[in-house]
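[1] Starting from these lines, generate the structure:
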Amino acid sequence: MTKRRNKLNSLKNEFEGGKIKHFDQLFAIFSEASLSAELGVSYYTVKRKADNPGEFTMSEIIKLAELIGVSYELMSGFILARVKEKRDK
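    Prediction:
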């Protein structure tokens, strides 16, 4: 439990500090498998949505924000930035 809490706290600090810019950075701290278990979705769903962030639902963004302990606005801004990056490639 302590390890999980430390990882989530690290993510919170990194998100709030504006340091997390890509899903790879998130997954370096909290694995896709762990995140999928926490969100109650399959591993493949997490991978697919990280690759296509426009597929995240509002409900999933809320769950992700609550899990990490950041505001919905911060998390939705992160997702929106990833959608724009994907579109501009």
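
[2] tell me which strands and helices the helix ranked longest in the chain is in contact with?
    For the chain, the longest helix by residue count, based on DSSP state H, is helix 72-88. With contacts defined as 3 or more C-beta pairs under 8 Å, 6 or more residues apart in numbering; DSSP states H and E, the secondary structure elements packing on helix 72-88 are helix 2-16, helix 58-68. The C-beta positions use only the backbone N, C-alpha and C, and glycine is treated the same way.

[3] per-residue confidence averaged over it?
    Regarding helix 72-88, the rounded mean pLDDT is 95.

[4] Next, the buried residues of it.
    The neighbour-count criterion (16 or more other C-beta atoms under 10 Å) identifies Leu74, Met75, Ser76, Phe78, Ile79, Arg82 as the buried residues of helix 72-88.

[5] Nearest residue to the first one in space, ignoring adjacent ones along the chain?
    What sits nearest to Leu74 in space, not counting adjacent residues and going by C-beta to C-beta, 6 or more residues apart in numbering, is Phe15, at 6.0 Å.

[6] gap between that neighbour and Lys63?
    When distances are taken as C-beta to C-beta, to the nearest Å, Phe15 and Lys63 turn out to be 15 Å apart.

[7] okay, those two: which has more neighbours?
    Set Phe15 next to Lys63 and count neighbours by other C-beta atoms under 10 Å: Phe15 wins out with 21 against 17.
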